[in-house]
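Trainee: after the sequence you'll find the predicted model.
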Amino acid sequence: MSNTIKIVQQHGLPFKEKNLQGSKELADAIEDAKRLEANPNTKCYTDMNEMWADLDK
């Protein structure tokens, strides 16, 4: 099974990230993504057309 399919099926990476090395900007972006994911009020999309329509508003 490809890693892409695993990522889609598991709604994320098929492994726990550890020893992540990168910039502070990257670490901040990951933390922002985790906060958004944990927030039940975050707008989510299952349809790309709906997403693009919202972005065009």
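Mentor: Arrived safely, thanks for sending. Every value quoted in this text rests on a predicted model; they were computed, and no experiment measured them.
Trainee: now do the helices in this structure.
Mentor: Secondary structure of the chain by DSSP state H: the helices cover 3-10, 24-38, 48-56.
Trainee: quick one: mean pLDDT over the first one.
Mentor: For helix 3-10, mean pLDDT rounds to 71.
Trainee: now do it: distance to the chain's middle.
Mentor: 13 Å (CA atoms, centre = their mean, to the nearest Å).
Trainee: give me the below-cutoff pLDDT ranges for the protein.
Mentor: Residue ranges of the chain with pLDDT under 70: 1, 3, 14-15, 19-20.
Trainee: can you do 90?
Mentor: When residues are selected by pLDDT under 90, those of the chain lie in 1-27, 30, 43-45, 57.
Trainee: got TSV for the helices of the chain, with mean neighbour count too?
Mentor: For every residue, glycine as well, the C-beta is placed using N, CA and C. Putting the helices of the chain into TSV (neighbours: other CB atoms under 10 Å) gives the following:
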stretch	mean neighbour count
helix 3-10	10
helix 24-38	10
helix 48-56	9
